[in-house]
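**Q** whatever this is, show me its structure:
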Amino acid sequence: AKPLYDPARDFAYVAYLGYAPNVLVIRPSTPAKNVKELIALAKAHPGQLTYASPGVGSTNHLAGEMFRLATGIDITHVPYKGGAPAMIDLLAGQVPMLMASPTAFGPHIRSGRLRAIAVTSPRRFQTMPDVPTLAESGLAGFDHVEWWMFVGPARIPEAVEAKVHRDLSAVVAQADFKSRVLELDVETFPNT
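**A** Presented below is the predicted three-dimensional model:
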């Protein structure tokens, strides 16, 4: 179905609040310990490995498809109706991997219930400094992050947009805000 809006025409992008990469996670029992080994495993068993996502068209699904295309491996997408059912099946061994949002899956990664083998951002993620990027793992230029933005209607008055941007930017720059959202696995930085 054709959307009823045009994101370039119908919205004003007022302030960029932060971002989070996706994280390629596997069950600890998966024989692969890193991206190179996961690619080799998938190539040795074409069409047999699956990856979960919270649903078709989610950022997790898109990151998984970018990974599939960048590596040329034959893996199958298994869409779920949300992150919780995908995580349950991943932990239960129904699917071997998932492109996960750190905001939802970070606690499971830190507890060791899931193994993070790469992040999709161009640089390592602050809350997971030991997890390499996909680019570091051999996929040069791989860059896929979830943006957290404040948007308004395209015809928002310029003065209102400028004030909201200024006020939100002041909040985002505060140390307590930065540390609080970092606890939620979202990085912030100044923006124009």
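**Q** which residue ranges form the helices in this protein?
**A** 35-44, 59-71, 83-92, 102-111, 158-172, 175-183 (DSSP state H).
**Q** tell me the most buried of these?
**A** Highest mean neighbour count among the helices of the chain (mean count of other C-beta atoms under 10 Å): helix 59-71, with a mean of 20. Where you see a C-beta, it was placed from the backbone N, CA and C, and this is true even at glycine.
**Q** circling back: okay, the helices of the chain in JSON lines with distance to F189 next?
**A** Compiled in JSON lines, those are given as follows (distance: least, C-beta to C-beta, whole Å):
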{"stretch": "helix 35-44", "distance to F189": "26"}
{"stretch": "helix 59-71", "distance to F189": "19"}
{"stretch": "helix 83-92", "distance to F189": "25"}
{"stretch": "helix 102-111", "distance to F189": "16"}
{"stretch": "helix 158-172", "distance to F189": "8"}
{"stretch": "helix 175-183", "distance to F189": "9"}
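**Q** who wins for proximity to V131 among those?
**A** helix 102-111 (8.2 Å; C-beta to C-beta).
**Q** report pLDDT for A100.
**A** What the model reports for A100 is a pLDDT of 85.
**Q** what is it paired to in the beta sheet?
**A** A100 has the following beta-bridge partners by DSSP bridges: V23.
**Q** before I go, just wanted to say thanks for your time.
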